[in-house]
Every structure is written in structure tokens, then in C-alpha cells.
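Engineer: give me coordinates for this.
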Amino acid sequence: MKKTTQTILLTLVVSIGIGARLSILGWLFFLGIGSALIFGISHLVVHFYSMNYLAKSENKSTLLIVLSHLSFLGIFLFQSDFDDSRSYSVLGHTFGVESEVLNSIGFPIVGVSIISFIIISFVIVKKAKRNKVSGNNIKYIIPTIIACLILPVVFINVLYANKDLQRTKELETTGEFNSISRAIKNSESVEIIKINSYQTRLTSFPMEIMELPNVKIIDLNQQQISTIPDGLSKLESLEVLNLLDNNISKIPESICDCENLKELRIGGEIQRFPDCLKTMKSLKHLSIQSPYSNELLDELREFENLETAHFYLKSDDVDFSSMTDEETKEYFKNSKKFDKEKWEQIKKETGLKHKY
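Structural biologist: Down below sits the predicted model:
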């Protein structure tokens, strides 16, 4: 087998084996790192030491290369790991196949693979030493080592990106979408639009949502949205609007035109409620996160159809890491506190229940 072919095959085998094993972040992750170092380095050393001998055009050399790589992959692909909920086989995790059979046969296969790896490596090195075929392999060694450090990381990222895509597609079959662009392509199927703030940071309400005629739940929690657009009434099926942990300063009166809105959750600098909100027949739950929550509590008495509510103060963006212990204590001592007594009194008067 030609040296170039050997190098490419060696690089791919080492990268796939190590990348697949290290893609599982379970309790045995450090065992995986240890095996990656021991067997990965050993595999590279054996094949580079024997590269000149293995380059001879003999069927036995090709067979030894194939058996060596298969035993190496067997060590990694059939390992198992586990977390608090269940165990995983590397092979099953890599290809998304849940199988108790893989978990049960994994340990014996790893054992056989280790023994085979040692025997085959010994045979390869012994034959290479006996034949003493010379040649300069430096130009193959350095690129391979660099690639074997980079490709496993690339493999892991591709693997997780693919798994995320598969999970996203499975979720979308239930009507829930976490991507606005994907939601627009399937506008008739969207019932829930939920944007993860760790993946997408919104500074304004995405108007594309207005093109989702059947959406029931809009969850844009922990974003940086400052205004609620007019026109939400176009979404005739809308039942839940969650804009907590945002920067909303005003609830527009147009939101009262959402005839099926059951839950409204707003976070920001809310200071007052529009009068029409208090008479909405469909609205059953209200969550407010604002520095003016204590003042807004009084207006709860005027709501006619609410059943549950959740009010709390919006905390300031304070960098406690730059404050001393005394400064931190002083801050909490002087900071505004939620008026629990007023809330308890309003609950008694109105019959409202607390709901998160």
C-alpha cells in the first residue's frame, strides 16, 4: 500500500476512533482520554515505524494494515460510557442507535480488540524490523499528527451538529420550532415558536412570526426585545406570549385584540397596564417582571377574568464580582424587595392563585 494511502487511512482511522469516543461526556470520559492517548500514540508509532515495509506491494501488508485499523476502531467504537440516567455505547451514540445489544457485547469486543491490536502491532513491527526497508517519512508524520489533533474536534462538532439537527426535526414534527427561518419554510405547521437565547440573541421582535398563521405559543424568553409590535391580532390562534427577561417598557393596547390570548408574560420596565387588558375575557394568567411590580400589584384588583398571576421585581444588572463583601451586603440591604404582604392581601381579595 502506497505511503500516501497509508497516511490518509491512518489519519482517518485515528481521528474517527478518538473523535467518536470523546464525543461522549459521561462519567468515564477521562478513561476515554486515557485510552485515546495510549492507543492513539501507539497506533501512530507502529504505523510510521513500519510504513516503509507496509509500502511494499504485498497482499499480506495490506491485510495487516486493515486488521490493525479494525482492531484500533474496535477498541474505541465499542467502549461504553454512562451518565446519571443511562449508559451509552460509542457506536450507538455516534450513529444515533439505542441498543442494549451494543452495550452488552461492547466489553468483550473491546477486550478482543485490545488483544488483537497488541498482537497485530507486534507482528507488523517485527516484520518491519526484520525486512529493514528504509525511507524518509518526515513529510508524512508531521501533517498526520497535526490532522489527528484537529480532525477529532471537527468530527465531534459535526456529530453534535447532526444530532442537534435530528432533534430539531423530531421536535418540529410536534409543531415546535426553535428557528425562525425553519419556521417560515413550514409556516402552516408551526404551533410553537421557541427561540433559545443561547443560540440566537434578538434585539427586536421578529416580524416574520406574523407569517405563522397557526402559532399558539410564542416564547422569546431572555432576549433583548424592547417593544411589542402592533398586529399580533393577525395571529388568531395565539394563546401564550412569553417575553420575560426582556426590556419591554410598554404593553400596547393592540395586544387586547388577540382574542384567544390566555397567558401573557412580560419582562422589562412595565409601569402600567392598558385598561383593555383588565377586561380581556380570554386572559387567564399574567406574569410581570418589572422594578415597578409592587405598584402594579394594586391594579390586579381591576382584572376581571384572571385566574393566576406571578409578579416579581426585575433585578438590576449588577457585577457582584467587582464588589467587596461589604458592598454586596449593603446592596442587598438597600435594594427594593417584593411586597409579599400586599400580594397575600390581593390574593385574598381577588381569589387569584400564584403560578410560575
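Engineer: bridging residues for the closest residue to residue 354 other than its chain neighbours?
Structural biologist: Once flanking residues are discounted, residue 354 sits nearest to residue 310: 6.4 Å by C-beta to C-beta, 6 or more residues apart in numbering. Quick note: C-beta positions are derived from backbone N, CA and C, even for glycine. Beta-bridge pairing for residue 310 (DSSP bridges): residue 287.
Engineer: relative to residue 300, how far out is residue 310?
Structural biologist: Look at residue 310 and residue 300: by C-beta to C-beta, to the nearest Å, they are 11 Å apart.
Engineer: before we move on, what about residue 150?
Structural biologist: From residue 150 across to residue 300, the span is 59 Å (C-beta to C-beta).
Engineer: before we move on, back to that, so what sits against both of residue 310 and residue 300?
Structural biologist: Contact criterion C-beta atoms under 8 Å, 6 or more residues apart in numbering; residues shared by residue 310 and residue 300: residue 286.
Engineer: which one's more surrounded, the two?
Structural biologist: Between residue 310 and residue 300, counted using other C-beta atoms under 10 Å, residue 300 has the larger neighbour count: 21 against 17.
Engineer: for the more buried one, what are its contacts?
Structural biologist: If you count contacts by C-beta under 8 Å, 6+ apart, then residue 300 has 286, 306, 309, 311, 346, 350, 352 around it.
Engineer: tell me the backbone dihedrals of it, please.
Structural biologist: When read as degrees, to the nearest 10, the backbone of residue 300 gives phi -60, psi -30.
Engineer: mind starting the numbering at 673 from now?
Structural biologist: Fine by me, first position is 673 from now on; the one you just mentioned is residue 972.
Engineer: in TSV, list the contacts of residue 972 along with neighbour count, distance to residue 830 and pLDDT.
Structural biologist: Formatted as TSV, the contacts of residue 972 follow (neighbours: other C-beta atoms under 10 Å; distance: C-beta to C-beta, whole Å; pLDDT from 0 to 100):
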residue	neighbour count	distance to residue 830	pLDDT
958	24	44	95
978	20	49	94
981	21	46	93
983	21	46	90
1018	19	54	91
1022	15	55	90
1024	20	51	88
